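Q: sequence first, predicted coordinates after that:
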Amino acid sequence: TKTRQNFVEKVEQIFTGYKKIDEELYEELEEVLIRSDVGVNTSMELVERLRKEVKQRKISDPQELTKVLQELIVELLGKEETIAFAERGPSVILVVGVNGVGKTTTIGKLANRFKLDGKRVVLAAGDTFRAAAIDQLEVWGERSGVEVIKQREGADPAAVAYDAVQAAKSREMDVVLVDTAGRLHNKVNLMEELRKVKRVIEREIPGAPHEVLLVLDATTGQNALQQAKLFQEVAGVTGIVLTKLDGTAKGGVVLGIQGETRIPVKWIGIGEGMEDLRPFVPKDFAEALFGSSEEG
Amino acid sequence: MFQGLSDKLQETFKKLKGKGILKEADVNEAMREVRVALLEADVNFKVVKDFVAKVKERCIGQDVLESLSPAQQVIKIVHEEMIDLMGGATGKILVAPKPPTVILLLGLQGAGKTTHAAKLANMLKKQGKHPLLVACDIYRPAAIKQLEVLGEQIKVPVFSMGQEPPADIALASLKHAYQNGQDVVIIDTAGRLHINEELMDELRAIKTTVKPHEILLVVDAMTGQDAVNVAESFHKEIGLDGVILTKLDGDTRGGAALSIKAVTGCTIKFAGTGEKMDALEPFHPDRMASRILGMGDVLTLIEKA
Ligand SMILES: Nc1nc2c(ncn2[C@@H]2O[C@H](COP(=O)(O)OP(=O)(O)OP(=O)(O)O)[C@@H](O)[C@H]2O)c(=O)[nH]1
Ligand SMILES: Nc1nc2c(ncn2[C@@H]2O[C@H](COP(=O)(O)OP(=O)(O)OP(=O)(O)O)[C@@H](O)[C@H]2O)c(=O)[nH]1
Ligand SMILES: [Mg+2]
Ligand SMILES: [Mg+2]
């Protein structure tokens, strides 16, 4: 895309436009990071670490810096992580996040993916609040031929989760994907409701939920940090899904989140279609942040 | 957070005892703190640069007032400049001389378009108008149903034609409104990326077909640095008359507001503050400025000094 090119050009300019590694170069680098929502603190920290590496490795050619910084970012992001499944019986995956980030869509994509892997999947329509949220999930269920367990609008989400887990147990399903209503992390009563949903799941299957996925919109700025912290506190988030990476935003905010919470990013969303979900590969992400690879 | 910025500025100016004027060196140090505060609030990088330069110019050479500490003086200037930048007419919808008034909502996926189409309808209805909601999102699963459910809640009719081309739906809705005495038509569209040419063409087609009186960009207040790219593209490609900033009931500082206004010049007309149908307010630049700086009420704070 146009913006990505601009971005590539920018970074290349930084590294090729300088004959030597100096203060100005570092400053411009920090700017590139901040522009990708990495945040002031994490950006400064990364640049600081880069300085150390340059000293240690006695690097003098600015051209070598991209690679070193990418290494540092990959290190920060940790290794590639996969989804945890139960050893026996149904695995329960609870999907949480603020409003409109892509929870329901991600569930639709995951259902399709798991189904293709040969798993027996059931969906729980745990968003009983938003207008037509249940209908939306049902469309996704139809798309991948997966059953949706639901109650009426306004029902207790914990009761829906309970029904779905019971159904999964009795019908020997492999995966239960639980949708939840979007909620801003600063709304205490809604966060309590989420705690209750999780508690019900825990009670029905020991060790469940096996995954609590926090969905983050890549367009989100520094507020994502707060989202990660509070959802982590209330629901014990085990992984992040970073959506809407098909736009021009780079989702750099996950770097800051890594620094502060260590929640691994597990999937990325790159479109509205059923196939537009990819496992998160730290190396690719680091490259995309600098625009040197074609794939988002 | 404001306490943070305020404290840091106090620290910066500690040596600046007594009277005199604010010198460049002192102001420079203060501006570094201001810069970080704004970036942490998601104000766009470039906007921060220009803004800080402008504020700096105003600060240098200012007499240190008796009544305010230098730190408070700087914050006051920052605050004033921000309000100035975000100001302009707010909270009003342009009414067409000949009904129906046509309002077109557009924006990225999940920003809050459908919810705010209904909230606007609700607000206008309370003002004595007869709005019609139009379902032009033919892609998102259950998008039409969502609008219908909301329409039902606020007792506002919803016009839909399934998956027909959106420009056709929009055109037919005008006729429908005319025949049924509805004086405002609010068009909900599918979420789209600003770089998606095909979907931008679709918006252009709607625009040329129905000639909206108000084209409003719906933006999530939590948006980061990319907000300006998004707003700039929509403004350049379609042409915007204003902005609705949503999800301000969260704890985001909302720097996107400042960025968008600075870059496109479009006024922010409304603020969304919840999922319920009455959670819509006129946008207040002064409150937003305080919020971006991360403080409750800057004026009382300054007055206390
Ligand atoms: N471009 C793009 N759009 C996406 C992606 N994931 C989701 N969306 C879109 O984002 C919008 C919101 O998605 P939903 O799945 O409804 O989000 P949600 O988190 O369930 O929303 P609420 O339940 O209302 O809180 C829809 O228009 C989706 O099609 C993605 O990876 N890329
Ligand atoms: N807390 C809060 N939630 C909001 C606000 N406005 C919208 N939402 C929620 O955000 C989510 C997305 O809203 P929608 O109106 O579906 O957004 P949209 O832009 O129409 O989404 P697409 O059609 O998928 O592009 C829903 O869960 C809404 O309830 C707001 O001001 N505050
Ligand atoms: Mg949903
Ligand atoms: Mg919509």
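A: The structure has been received and is ready for your questions. Ligands and ions are numbered 1, 2, ... in the order given.

Q: hey, let's count contacts and neighbours off CA atoms from now on
A: Fine.

Q: any idea which element the residue nearest in space to the middle of chain B lies in?
A: In chain B, the residue lying closest to the centroid (Cα atoms, centre = their mean) is B:Leu245, at 3.6 Å. Mapping B:Leu245 onto the secondary structure by DSSP states H and E places it in strand B:242-246.

Q: helices or strands up against that strand?
A: When contacts are defined as 3 or more Cα pairs under 8 Å, 6 or more residues apart in numbering or on different chains; DSSP states H and E, strand B:242-246 packs onto strand B:214-220, strand B:268-272.

Q: what's the burial count for whichever residue of the stretch 51-200 of chain B sits closest to chain A?
A: Residue nearest to chain A within the stretch 51-200 of chain B: B:Gly110 (4.3 Å; Cα to the nearest Cα). Using other Cα atoms under 10 Å in any protein chain shown, B:Gly110 has 19 neighbouring residues.

Q: just A:Leu230 next, same as before
A: Close neighbours of A:Leu230, defined as other Cα under 10 Å, add up to 17.

Q: how about stretch B:270-278 and ligand 1, any contact?
A: No: counting by Cα under 6 Å from any ligand atom, ligand 1 is not contacted by stretch B:270-278; separation bottoms out at 9.4 Å.

Q: show me which residues of that stretch are buried.
A: Across stretch B:270-278, burial judged by 16 or more other Cα atoms under 10 Å in any protein chain shown covers B:270-275, B:277-278.

Q: which residues in chain A form helices?
A: Ranges of helices in chain A, per DSSP state H, are A:2-16, A:23-35, A:40-57, A:65-77, A:103-116, A:133-144, A:157-170, A:188-204, A:223-235, A:253-261, A:282-289.

Q: now do the last one: which elements does it pack against?
A: Using 3+ Cα pairs under 8 Å, 6+ apart as the contact test, the elements touching helix A:282-289 are helix A:65-77.

Q: which bits of the stretch 1-150 of chain A sit near ligand 2?
A: Within the stretch 1-150 of chain A, the positions near ligand 2 by Cα under 6 Å from any ligand atom are A:99-100, A:130.

Q: if we go to 8 Å?
A: When proximity is defined by Cα under 8 Å from any ligand atom, the stretch 1-150 of chain A lies next to ligand 2 at A:98-101, A:130-131.

Q: for B:Lys247, what are its contacts?
A: Residues in contact with B:Lys247 (Cα atoms under 8 Å, 6 or more residues apart in numbering or on different chains) are B:220-222, B:271-274.

Q: try 7 Å this time
A: Going by Cα atoms under 7 Å, 6 or more residues apart in numbering or on different chains, B:Lys247 touches B:220-221, B:272-274.

Q: quick one, which of the helices and strands packed on strand B:242-246 gets closest to B:Gln72.
A: strand B:268-272 (27.4 Å; Cα to Cα).

Q: so is that closest one next to ligand 2?
A: Yes: under the criterion of Cα under 8 Å from any ligand atom, ligand 2 is reached by strand B:268-272 at B:271-272.

Q: report the buried residues of whichever helix or strand comes after that strand.
A: Using DSSP H and E, the helix or strand that follows strand B:268-272 in sequence is strand B:280-282. By neighbour count with 16+ other Cα under 10 Å, strand B:280-282 contains the buried residues B:280-281.

Q: next one: stretch A:53-71
A: The neighbour-count check on stretch A:53-71 (16+ other Cα under 10 Å) flags A:53-54, A:59, A:62-63, A:65-66, A:68-71 as buried.

Q: also stretch A:116-129?
A: By neighbour count on 16+ other Cα under 10 Å, the buried set for stretch A:116-129 is A:120-129.

Q: any chance of these in a markdown table, with pLDDT too?
A: Converted to a markdown table, those look like this (pLDDT from 0 to 100):
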| residue | pLDDT |
| --- | --- |
| A:Arg120 | 97 |
| A:Val121 | 98 |
| A:Val122 | 98 |
| A:Leu123 | 98 |
| A:Ala124 | 98 |
| A:Ala125 | 98 |
| A:Gly126 | 98 |
| A:Asp127 | 98 |
| A:Thr128 | 98 |
| A:Phe129 | 97 |
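
Q: what's the closest of those residues to ligand 2?
A: Closest approach to ligand 2 among the buried residues of stretch A:116-129 (Cα to the nearest ligand atom): A:Phe129, at 8.5 Å.

Q: for stretch A:38-56, which outside residues touch it?
A: With Cα under 7 Å, 6+ apart as the test, stretch A:38-56 has contacts from A:26, A:30, A:33-34, A:69, A:222, A:252-253, A:255-256, B:36, B:39-40.

Q: next: stretch A:26-35.
A: Stretch A:26-35 is contacted from outside by A:14, A:40, A:43-44, A:47, B:45, B:225, using Cα under 7 Å, 6+ apart.

Q: most neighbours among the residues you listed, which one?
A: Neighbour counts for the contacts of stretch A:26-35 peak at B:Gln225, which has 31 neighbours (criterion: other Cα under 10 Å).

Q: residues contacting that residue?
A: Contacts for B:Gln225 (Cα under 7 Å, 6+ apart) come out as A:35-37, A:221, B:42-44.

Q: redo the contacts of stretch A:38-56 as TSV? Include pLDDT.
A: Formatted as TSV, these follow (pLDDT from 0 to 100):
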residue	pLDDT
A:Tyr26	90
A:Glu30	90
A:Leu33	92
A:Ile34	93
A:Leu69	90
A:Gln222	96
A:Gly252	95
A:Val253	96
A:Leu255	95
A:Gly256	92
B:Val36	91
B:Leu39	95
B:Glu40	93
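
Q: just the buried ones among these, please.
A: For these, a neighbour count by 16+ other Cα under 10 Å gives the buried set as A:26, A:30, A:33-34, A:69, A:222, A:252-253, A:255-256, B:36, B:39-40.

Q: in CSV: the residues you listed, plus distance to B:Tyr139.
A: Compiled in CSV, the buried ones among the contacts of stretch A:38-56 are given as follows (distance: Cα to Cα, whole Å):
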residue, distance to B:Tyr139
A:Tyr26, 45
A:Glu30, 39
A:Leu33, 34
A:Ile34, 34
A:Leu69, 40
A:Gln222, 30
A:Gly252, 29
A:Val253, 29
A:Leu255, 33
A:Gly256, 34
B:Val36, 40
B:Leu39, 35
B:Glu40, 35
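
Q: the helix or strand hosting B:Ser6: what's the following helix or strand?
A: Taking DSSP H and E as the criterion, B:Ser6 maps to helix B:2-12. Counting by DSSP H and E, the next helix or strand C-terminal to helix B:2-12 is helix B:24-40.

Q: which secondary structure elements does that following helix sit against?
A: When contacts are defined as 3 or more Cα pairs under 7 Å, 6 or more residues apart in numbering or on different chains; DSSP states H and E, helix B:24-40 sits against helix A:40-57, helix B:2-12, helix B:45-59.
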